[in-house]
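Peer 1: give the three-dimensional model of this entry:
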Amino acid sequence: QVQLVESGGGLVQPGGSLRLSCAASGFTKPYNAIGWFRQAPGKEREKVSCFTSSDGSTYYSDSVKDRFTISKDNRKRTMYLQMNSLKPEDTGVYYCNHHAPSGTDNWGQGTQVTVSA
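Peer 2: The predicted model follows:
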C-alpha cells in the first residue's frame, strides 16, 4: 500500500520561501508520475509540478514556473518542493501524488501553505 506523508507547510509572508517534503513508502514498482498538487479554498485541485517517468521530464504549471523547484532523493524515498517568491495566490493545501502504472492515484493527507502579510 502506497503511503505518502507531506510536511513543511506553514504561514509565510509574501516573497518568502518554504520547502515541502513528501516521504513515500509501500511501493516498489515504477511510477508513471509523482508530484505535487494544490487546492485553494473554493477551487479545484490543480497540478503544480511533477516528474514523469516515461521520458524523465519535469512539469511546472505556468503559475509557479521559475519560482518552484521539484526534486527527489531516491535513497531517502523523499520528494521535495522548494517554493520561493511566494505569493498570496499560492495559498492552499498541497498534496503529494503518486500516479501508478495501473492508473491509480495515491494521495497524501496534505499540508497547509498560507501566504499572508
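Peer 1: contacts only, for the residue most central in space within the chain.
Peer 2: The centroid of the chain falls nearest to Trp36 when counting by Cα atoms, centre = their mean (2.3 Å). Neighbour list for Trp36: 20, 22, 47-50, 70, 79, 81, 94-97 [criterion: Cβ atoms under 8 Å, 6 or more residues apart in numbering]. To be clear about C-beta, it is placed using only N, CA and C from the backbone, and glycine gets the same treatment.
Peer 1: what's the answer for Arg77, then?
Peer 2: Contact analysis of Arg77 by Cβ under 8 Å, 6+ apart lists Ala23, Ala24, Ser25.
Peer 1: ok so, going back, average pLDDT for the helix or strand encompassing the residue nearest to the centre of the chain, rounded please.
Peer 2: Counting by DSSP states H and E, the element that carries Trp36 is strand 33-39. Strand 33-39 carries an average pLDDT of 96.
Peer 1: ok, Ser21 touching Ser7?
Peer 2: Yes - contact criterion Cβ atoms under 8 Å: Ser21 and Ser7 qualify, at 5.1 Å.
Peer 1: pick out whichever of the two has more residues nearby.
Peer 2: Ser21 (17 against 14; other Cβ atoms under 10 Å).
Peer 1: can you confirm that one is in a strand?
Peer 2: Yes - under DSSP: H, G, I helix; E, B strand; the rest coil, Ser21 sits within a strand.
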